[in-house]
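J.: Below is the structure, and that's it, no one-letter string:
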DNA sequence: ACGGAATTGGAAATGGGTTGTCAATCATTA
DNA sequence: TAATGATTGACAACCCATTTCCAATTCCGT
């Protein structure tokens, strides 16, 4: 930067890589839309099983751990708050999808384990998800799938970096 | 399908293209996570301006139209319900970001137009978004960006196709 | 011009999530 | 051991969206 003109900042931002900036923005919008659709379709997928996506997710987190977990542990695994998880757990206790186990390490904080019914509902949900993913994958070019997955992971990693501080730009 | 064995269904689903199915599933999970992050970061981005992402979106929809819109029109443009839009509008009326105009075509259904303050907040939000997108784009390979955007659009299109009916599989 | 159908705002209930507070239970360490 | 600090469940309030219901308005076909 040998020239120090006043508007170098704006020029740099808008002219550096206009296509890439536009594409990133469009990817964001696409992700918002896809996220909404996925939630809808996911609910459709498991509604016949009597659960919603939120419950499916909780079942998934505990099944993945392969051992009973406490509410805060599930929340940690899912990346949401323990209160949010607790709401789902309380409902699923009523629905007999989870059962409480005494926690030897904590008197008040129970462990939660899927009941046989819960296990069955979850495996059925996963079976349906596989069929669905298969149908979605059909017709999408394999190499693009791989490249997209790579880029999305990269993108996610970059979203953890704090926002560039306005004041630091010059 | 000349052989009609009982489990042909499951075998077809799990063996056809296991990698692609796994990748599609991972892409879904990545999208859930990215969506969450984007909302967080988006809120961070515009919080200094005194708005949340939801308001930003409404401002965007009306700005894009370049003319005052009614609540249902905004909802239509945003793909959410009119009630949700109305809540944001009512709040933004209080915050002096929008103003009501009489609607010559409808006595009860006012048109909404950003105030000068609203215009300013929105353009400032967009300026920040561009800076942000620029920083995100830096380091992401251009060709992969393009390919990802293409695939996501394709993916979104496929999500509009109704779920394959369980009963129809054979 | 009329009447039924669609649009519209408002209110309320629901869903899935958040934050915040409180009191009880751990866990740690002086 | 006793005090302190972190977890934890329960509860309440809020956010953003949904659905449902109602009443008022507008639109449209006959």
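T.: Arrived safely. Computed from a predicted structure; not experimentally measured.
J.: So the host helix or strand of residue A:125, near chain B or not?
T.: In this assignment (DSSP states H and E), residue A:125 forms part of helix A:116-137. Yes. Applying C-beta under 8 Å from any C-beta of the partner chain, one finds helix A:116-137 touching chain B at A:128-137. Glycine gets a C-beta too; all of them are placed from N, C-alpha and C.
J.: looking at chain A, which helix or strand is least sure?
T.: helix A:8-15 (a mean of 44; mean pLDDT, DSSP states H and E).
J.: next structured bit after that helix?
T.: helix A:18-46.
J.: what angle separates that following helix from helix A:116-137?
T.: 140 degrees (axes from the mean of the first three to the mean of the last three C-alpha atoms, to 10 degrees).
J.: do helix A:18-46 and DNA strand D meet?
T.: No. Using C-beta under 7 Å from any atom of the strand, helix A:18-46 never reaches DNA strand D; the gap is at least 8.1 Å.
J.: who's in contact with residue A:140?
T.: Taking C-beta atoms under 8 Å, 6 or more residues apart in numbering or on different chains, we find residue A:140 in contact with B:20, B:24, B:151, B:154-155, B:158.
J.: need the residues you listed in a markdown table with distance to residue B:41, pLDDT and neighbour count, can you?
T.: Output for the contacts of residue A:140, formatted as a markdown table (distance: C-beta to C-beta, whole Å; pLDDT from 0 to 100; neighbours: other C-beta atoms under 10 Å in any protein chain shown):
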| residue | distance to residue B:41 | pLDDT | neighbour count |
| --- | --- | --- | --- |
| B:20 | 30 | 83 | 19 |
| B:24 | 25 | 92 | 25 |
| B:151 | 23 | 94 | 22 |
| B:154 | 26 | 92 | 16 |
| B:155 | 22 | 92 | 25 |
| B:158 | 27 | 88 | 17 |
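J.: per-residue confidence averaged over stretch A:160-170?
T.: For stretch A:160-170, mean pLDDT rounds to 55.
J.: Kindly report the same for stretch A:119-127.
T.: 95.
J.: Can you report how many residues neighbour the residue nearest to residue A:42 when sequence neighbours are not counted?
T.: Once flanking residues are discounted, residue A:42 sits nearest to residue A:53: 4.2 Å by C-beta to C-beta, 6 or more residues apart in numbering or on different chains. Counted with other C-beta atoms under 10 Å in any protein chain shown, residues neighbouring residue A:53 total 19.
J.: for the one 3 residues further on, same thing?
T.: Burial measure for residue A:56: 21 neighbouring residues, criterion other C-beta under 10 Å.
J.: before we move on, what about residue A:51?
T.: Residue A:51: 25 surrounding residues under other C-beta under 10 Å.
J.: pretty sure it contacts residue A:128?
T.: No. Applying C-beta atoms under 8 Å, one finds residue A:51 not in contact with residue A:128, separated by 11.5 Å.
J.: coming back round to it: if you count contacts, what does the helix holding residue A:125 end up packed against?
T.: helix A:18-46, helix A:53-65, helix B:8-15, helix B:18-46, helix B:142-159 (3 or more C-beta pairs under 8 Å, 6 or more residues apart in numbering or on different chains; DSSP states H and E).
J.: For residue A:46, give its distance to chain B.
T.: 11 Å (C-beta to the nearest C-beta, to the nearest Å).
J.: Correct me if wrong: that residue contacts residue A:54.
T.: No. Between residue A:46 and residue A:54 there is no contact under C-beta under 8 Å: 10.1 Å.
J.: Give the residue from those two that has the larger number of neighbours.
T.: Each of residue A:46 and residue A:54 has its neighbours counted (other C-beta under 10 Å); residue A:46 has more, 22 against 19.
J.: The closest residue to residue A:117 other than its chain neighbours and DNA strand D, how far apart?
T.: Leaving out its chain neighbours, the residue that sits closest to residue A:117 by C-beta to C-beta, 6+ apart is residue A:96, at 5.5 Å. Distance, residue A:96 to DNA strand D, using C-beta to the nearest atom of the strand, to the nearest Å: 17 Å.
J.: OK, contacts around residue A:96?
T.: A:115, A:117-118 are the contacts of residue A:96 under C-beta under 8 Å, 6+ apart.
J.: pLDDT weak spots in chain A?
T.: Residues of chain A that meet the criterion pLDDT under 70 lie in A:1-17, A:162-170.
J.: can you list the residues of it near DNA strand C?
T.: So chain A meets DNA strand C at A:52-55, A:57, A:80-81, A:83-84, A:87-88, A:91, A:105-108 (C-beta under 7 Å from any atom of the strand).
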